[in-house]
Every structure is written in C-alpha cells, then in structure tokens.
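Student: Here's a sequence, model it:
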Amino acid sequence: MKTRLSLVATGVVAAAALVTASLALAGANAATLHLTAKDNNKSFTVHRHCAIVITLRNPGWDGGYHWTRGYSSGVKLVSHRYIAPKQKPGTVGGGVGKDIWRFTVVGPTMTEGEIQLRYVSPARKVDHKFVVGIRVG
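Tutor: Numbering: from 1, shown residues only. This next block holds a predicted model:
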C-alpha cells in the first residue's frame, strides 16, 4: 500500500511540475514590456509577439495638449486609451491624466523597429517626443 501511495504522490508531483513549466513557458512567450517616460530614447530587445505597453503622463489634458502617434516601424498599434485624472467633486483642473498605448511586434522577419509618440498642442505643434528603439532577439 505504501508503494502505491508513493507512486501516486510521485505522479502528482511530476504533473504539477509539468503544469508549472508549461505556464512559465507560455508566460515567457507572451511577455509584456512596460515602458514609461523614463525609457525615452532607449532601445529594448524583445521576443517576437511581445506586447509593448507605454504609459505616459498627460499633464496638459485640460489645455488641449495630448499624445499622438508619430512614426512607427515594425510594430502594430493594438490600442490606445486615455485615463482622465481622478478629481474631488467640485474641483477644476489640477489633475494629471495618462495615455496608455499598446503595441505588438509584427511580421516574422522584423528585426528592428521604432515607436515614436508626440506630445502636441491644440494647434498640433510638437512640444516633445517619446522615442524607443525595438529589436527582436
């Protein structure tokens, strides 16, 4: 009876290890690179099909300033959303919103690319840029 329980326990441990390894492998293939303003003008190496999420503060949201997509290569825009600042009822201005951009690496032959976002005025004048280089490795 002890031998039978030992075999069952060994099988359970082996199955758990296999599931854990499978989940870790799936996580590695579906990794997400999270970037913020501190990553401006840097380059990153990612795996193919990696998601790239860029979160940028938008302090001028109530004055019409906003982030817009500039030149990009080797990546596909998946989504973009703006999150307004949380404010106390009855207050005007004073908050900082944020823009969240989600990209994915495209094409089986893509090896290098770039993402460029521009912070523009209501008149569409570029105030500053966010640029990152992307390499697939």
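Student: My guess is Cys50 contacts Arg102. True?
Tutor: No - contact criterion Cβ atoms under 8 Å: Cys50 and Arg102 do not qualify, at 11.3 Å. Heads up, the C-betas are built off the backbone N, CA and C, glycines and all.
Student: Which one's more surrounded, the two?
Tutor: Just comparing Cys50 and Arg102: by other Cβ atoms under 10 Å the higher neighbour count belongs to Cys50, 19 against 16.
Student: What separation do you get for the more buried one and Trp67?
Tutor: 21 Å (Cβ to Cβ, to the nearest Å).
Student: One more: Leu35?
Tutor: Remark: distance between Leu35 and Trp67 (Cβ to Cβ) = 13 Å.
Student: give the contact list for Ile115.
Tutor: 52, 54, 72, 75, 101, 103, 130-132, 134 (Cβ atoms under 8 Å, 6 or more residues apart in numbering).
Student: Tell me the pLDDT of it.
Tutor: pLDDT, Ile115: 95.
Student: By neighbours, which of the contacts of Ile115 wins?
Tutor: Counting neighbours by other Cβ under 10 Å, Phe103 comes out on top of the contacts of Ile115 with 25 neighbours.
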